[in-house]
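S.K.: coordinates for the following, if possible.
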Amino acid sequence: MTSALLAGNGDEAKQKVFAALAKGSRQSEILDAIVEAINIVCDLQELGQYDQSKVASQESSVNSCLQLLEDWLVKSEGRFNVKVTVGPVGLKSGALSSLALSASLRSVGFRSTSLGKTQTALDLLRNSEELNVDLVIPLLAGDGDASLRSFVDAYERGGFRSKFQVIPVAASSSENVQGMTVARNSSEAISKATEWAMRKTRKAT
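M.R.: Numbering: from 1, shown residues only. Down below sits the predicted model:
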């Protein structure tokens, strides 16, 4: 399945998912394989070593595979009563990264929506506000602390702090800005989001 996703071959990738399900593979294992393939593509894109003509077919293939897991994801996303948006800000491979993280968040209990292709920080925040979310996880470009400070500036100036929590993913950032929780990668973002959601749930009871 990984090789099919890397090639952007949606039909073959779906067949591999069907076969894995028929053999008794768990949906979580299949999701892990999809995320692994996405991570490989994203790494290659960021290094400029991936054929950009394959990106559209790659995204379509990933969406097709995730659709086969939709029933399981719908059941899984009810653990937390937390609505989340994930969106890329300035990332070449933003759409795929956003899809992967959003699906992973759904699998552990969040009602997560991927906002797709890369956008400005303000657009991501405004779109999230329209969806009335509890948490926003922006995927920031890897240019050090500058992208993180720029996002925080948009967050503060727009008055969004009173509307929802944010946990930025900033791979190369060395600092937390103004007391904001920052994740270095998607796995850390899921962990920090889970901790935050559990605290939120405890306060509500």
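S.K.: domain ranges for the protein, per the record?
M.R.: Using automatic domain parsing, the domain ranges for the chain come out as 2-72, 77-204.
S.K.: worst-scoring helix or strand of this structure, pLDDT-wise?
M.R.: Ranked by mean pLDDT, DSSP states H and E, the weakest helix or strand in the chain is helix 2-7, scoring a mean of 82.
S.K.: restrict the helix or strand that that helix is followed by to CA atoms and write it as PDB.
M.R.: The element immediately downstream of helix 2-7 (helix or strand, assigned by DSSP states H and E) is helix 10-22. What follows is helix 10-22 as a C-alpha-only set of coordinates in PDB (Å, rounded to 0.1, in the frame of the first residue of the first chain):
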ATOM      1  CA  GLY A  10      -5.400   5.300  -6.000                       C
ATOM      2  CA  ASP A  11      -7.000   2.100  -7.300                       C
ATOM      3  CA  GLU A  12      -4.000   0.000  -6.300                       C
ATOM      4  CA  ALA A  13      -3.900   1.600  -2.900                       C
ATOM      5  CA  LYS A  14      -7.600   1.000  -2.300                       C
ATOM      6  CA  GLN A  15      -7.200  -2.700  -3.300                       C
ATOM      7  CA  LYS A  16      -4.400  -3.000  -0.800                       C
ATOM      8  CA  VAL A  17      -6.600  -1.500   2.000                       C
ATOM      9  CA  PHE A  18      -9.400  -3.900   1.100                       C
ATOM     10  CA  ALA A  19      -7.000  -6.800   1.100                       C
ATOM     11  CA  ALA A  20      -5.600  -5.800   4.500                       C
ATOM     12  CA  LEU A  21      -9.100  -5.500   6.000                       C
ATOM     13  CA  ALA A  22     -10.000  -8.900   4.600                       C
END
